[in-house]
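Q: heads up, no residue letters with this:
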């Protein structure tokens, strides 16, 4: 196996204690560091030994404390002197049951089956023929790993009934009888073989479907409202995914598996039971506290990942194939929402078995008979989901390695059908997969490259999903017209929306305008832009036509749409263009309902903030008034005061939320722009109403064309300045500057 890259806290402490003393004897004086005499090699070794002994003792004490704290869930931390880190492998793996994992291994039989595989492929034709007689399932699987591209095994650690594959030392596991049917007598021997053959070991832990645990701990199951334990139609009791006691049970098993040598923990059945409509009304989930089911799964996986971090393993989750398409756990209601799970794990593993889709999926009457098309369709959806997330888990799908005889119109799944699925995955740039066969009966010929190209993304100008920027723009506009918020979420660049879908949706709904129709009239002036004319309707049924350039951007190899700013009441307004420029520049904001409200008054704090941002003024002094110390604009006001642009009513009172009058606005902009030329204010009919302290500032601003009067030749100095007037006068001094 490759060397691991991450050291746990204890390991770092060891290195620090050993290396730091050596640094003290080096080089020239360093300010703040007292130099000590260098020590001899023997003394250094003795010191290091003492430090290691001290660390061992500290760890012993820590483990005693953890035993008391964790109680029945206690699992020790990795040894102090053991490397601990996360090994990343592009896994191509096979599923292995506990009974298969427990079979004896004769390495000569493994080598014989390797030769047999070569014979099947037409190799070694000059050598004596070999047979597979007497080679057991595990030996065959090991040989497949040696001979083919398969490099990983997903091995049951806790199976579908809740029993362990090997005997666990965890107190609670022993207490609930989960060790009663272990199939692997010597897990250490098996892990040694996997290491010898350079096979990446993954521990499969069936999580919330656990009839054994439910039998011993009924209080931690899904409960009937009428009393007692709920059971699914097959008579199986499920544990409660909202219950943190259940979380700790499964996480403890995962920790122990990591200590056994497993490099990755894969949580399966990390969900609620299917057919939720049949049981939701009659069941109770203690500890739910109003949460949705997908919150419980998301929180469990995040908790498990955090708890497992010191053990140096990756965390994966198996999910239903349909969640590549469904949204917000609907209509399944099993607790699996793609974006929530993908953000909580290192690997997300959709089970996209063609036999598990009904007629019509991906436009196939019998999906099982179309392995390539179904897998490609599901993977395209999965890739689009992941492309909408920042730092999601890697996609690593489960593929069908069995014949679904119960499906009407099914086909036999041999090497060709399995390879078609693998090809569909690889062509989309994902070089990882797992094959599921419950009987662990694998045909080795399925696992050799048949010439498929990896990572094809279509013709130039098309994204990973084969779409052009214009096609995606059309999809976006249609989604906006239909109010399809999930589609808008997927097609909006990550940086331009909230990561939380519910917040994103609320922002979209708050816009309070509706797209009635649109026309894409051609390419814009810049690359990847398009001229679009949109007809919007506001809440008062007024219709406004907006012509804008829409931009498409490539993000995570997928085209997204950057929607231009639409402020419905700025369209046609005398300050409309300036308003949009300022909002786009982040100098001022509009309102959530897609309005700017240009004629609304603007406060002294807001005006100061826009000025400071527009002129890029920095604050070096803390000039705060009594009424601005806790105000959102305190630093903007302080910067404006430091640069002599604003002053308070007195030394303690600024009045940040008062509306700014027109004469105050004129004085501020004349100071900010450093205006010198002035004329008389007598040109205004109401000049006598201009305060004495403001006359010079108003005169300068008027003389330089920064402020103007009204058509009736008045200035109205004490009137509140509007939002439109504010951005207009500030835009003028920016241009003057």
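A: Right, received. Where do you want to start? Here the structure is a predicted model, which is why all the values come from computation and not from measurement.
Q: longest strand in this structure, by residue count?
A: In the chain, taking DSSP state E as the definition, the longest strand is strand 543-555.
Q: quick one: contacts of the helix or strand just after that one?
A: Sequence-wise, the next helix or strand downstream of strand 543-555 (DSSP states H and E) is strand 558-562. Strand 558-562 has contacts (C-beta atoms under 8 Å, 6 or more residues apart in numbering) with 383-384, 387, 463-465, 467-469, 471-473, 476, 491-493, 496, 550-554. The way it works is simple: take the backbone N, C-alpha and C, and place the C-beta from them, glycine included.
Q: what does stretch 522-542 give?
A: Contacts for stretch 522-542 (C-beta under 8 Å, 6+ apart): 469-470, 473, 477, 512-521, 543-553, 566, 568-569, 593.
Q: centre of the chain versus the longest strand of the chain, how much separation?
A: 27 Å (C-alpha atoms, centre = their mean, to the nearest Å).
Q: how about low-confidence regions in the protein?
A: 1-42, 81-85, 453-459, 736-737 (pLDDT under 70).
Q: what's the domain layout of it?
A: 9-73, 92-108+148-447, 469-564, 604-736 (automatic domain parsing).
Q: if I've got this straight, residue 507 is in a helix?
A: Yes. Under DSSP: H, G, I helix; E, B strand; the rest coil, residue 507 sits within a helix.
Q: In strands, which of the contacts of strand 558-562 appear?
A: 550, 551, 552, 553, 554.
Q: ok, of those residues, which one's closest to residue 414?
A: residue 554 (39.2 Å; C-beta to C-beta).
Q: Once you drop chain neighbours, what's closest to the closest one?
A: Counting by C-beta to C-beta, 6 or more residues apart in numbering, residue 463 is the residue found nearest to residue 554 once chain neighbours are left out, at 6.5 Å.
Q: Pull the number of nearby residues for that neighbour.
A: Around residue 463 sit 23 other residues, with neighbours defined as other C-beta atoms under 10 Å.
Q: Residue numbering should commence at 32 henceforth.
A: Done: numbering now begins at 32, and the last item shifts to residue 494.
Q: Touching, residue 247 and residue 208? I think so.
A: Yes. Look at residue 247 against residue 208 with C-beta atoms under 8 Å: they come within range, at 6.5 Å.
Q: got the contact list for the nearest residue to residue 205 once chain neighbours are set aside?
A: Distances taken as C-beta to C-beta, 6+ apart put residue 199 closest to residue 205, at 6.8 Å, once the chain neighbours are dropped. Neighbour list for residue 199: 205, 209, 210, 284, 287 [criterion: C-beta under 8 Å, 6+ apart].
Q: What residues of the strand or helix carrying the last one count as buried?
A: Counting by DSSP H and E, the secondary-structure element that holds residue 287 is helix 275-291. Of the residues in helix 275-291, 276-291 count as buried by neighbour count, 16 or more other C-beta atoms under 10 Å.
Q: now for that helix, which elements pack on it?
A: On a contact count with 3 or more C-beta pairs under 8 Å, 6 or more residues apart in numbering; DSSP states H and E, helix 275-291 meets strand 183-189, helix 202-206, helix 218-227, strand 231-237, strand 295-299, helix 324-339.
Q: which stretch among those comes nearest residue 535?
A: helix 324-339 (16.2 Å).
Q: who touches the closest one?
A: Contacts of helix 324-339 (C-beta under 8 Å, 6+ apart): 238, 272-273, 275, 278, 281-282, 285-286, 289, 296, 298, 301-303, 307, 319, 346, 348, 359-360, 364-368, 371-372, 374-377.
Q: which of the residues you listed are buried?
A: Applying 16+ other C-beta under 10 Å to those flags 238, 272-273, 278, 281-282, 285-286, 289, 296, 298, 301-303, 307, 346, 348, 359-360, 364-368, 371-372, 374-377 as buried.
Q: Phi first, then psi, for the residue nearest the centre of the chain.
A: Residue closest to the average C-alpha location in the chain (C-alpha atoms, centre = their mean): residue 374, at 3.3 Å. Main-chain torsions, residue 374, degrees, to the nearest 10: phi -80, psi -10.
Q: and what of residue 514?
A: phi 70, psi 30.
Q: Could you check how many residues crowd around it?
A: 13.
Q: for it, what are its contacts?
A: Counted by C-beta under 8 Å, 6+ apart, residue 514 has zero contacts.
Q: Do a quick rundown of the helices in the stretch 132-281 of the chain.
A: 138-151, 168-178, 202-206, 218-227, 242-247, 275-291 (DSSP state H, counting those that start in this stretch).
Q: just the buried members of the ones in strands among the contacts of strand 589-593?
A: Applying 16+ other C-beta under 10 Å to these flags 581, 582, 583 as buried.
Q: Now distance to residue 151 too, for those, in a markdown table please.
A: What follows is those, written out as a markdown table (distance: C-beta to C-beta, whole Å):
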| residue | distance to residue 151 |
| --- | --- |
| 581 | 56 |
| 582 | 54 |
| 583 | 49 |
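Q: Out of those residues, which comes closest to residue 252?
A: Using C-beta to C-beta, these come closest to residue 252 at residue 583, 50.3 Å.
Q: top helix in this structure by residue count?
A: For the chain, the helix with the greatest residue count under DSSP state H is helix 72-101.
Q: And the next helix or strand past that one?
A: Criterion used, DSSP H and E; the element after helix 72-101 is strand 123-127.
Q: right, and residue 94 touches residue 108 too?
A: Yes. Using C-beta under 8 Å, residue 94 is in contact with residue 108, at 7.0 Å.
Q: the more surrounded of the two?
A: Neighbour totals were compared for residue 94 and residue 108, and residue 108 leads with 18 against 13 (other C-beta under 10 Å).
Q: Could you check how far that one is from residue 205?
A: 20 Å (C-beta to C-beta, to the nearest Å).
Q: And for residue 127?
A: Counting by C-beta to C-beta, the gap from residue 127 to residue 205 is 24 Å.
Q: do residue 172 as well
A: Distance from residue 172 to residue 205, by C-beta to C-beta: 30 Å.
Q: who's more crowded, the two?
A: residue 172 (25 against 15).
Q: from what I can see that one touches residue 473, true?
A: Yes. Between residue 172 and residue 473 there is a contact under C-beta under 8 Å: 6.6 Å.
Q: overlap in contacts of these two?
A: residue 125.
Q: quick revisit: return the closest of the buried residues of helix 275-291 with respect to residue 633.
A: residue 278 (51.5 Å).
Q: ok, the nearest residue to the closest one once chain neighbours are set aside - how many residues close by?
A: Of all residues not flanking residue 278 in the chain, residue 331 sits nearest, at 5.3 Å (C-beta to C-beta, 6+ apart). Look at residue 331: counted by other C-beta under 10 Å, it has 25 neighbours.
Q: cool, and residue 149?
A: 16.
Q: same thing with the one 4 residues further on?
A: In terms of burial, residue 153 registers 7 neighbours under the definition other C-beta under 10 Å.
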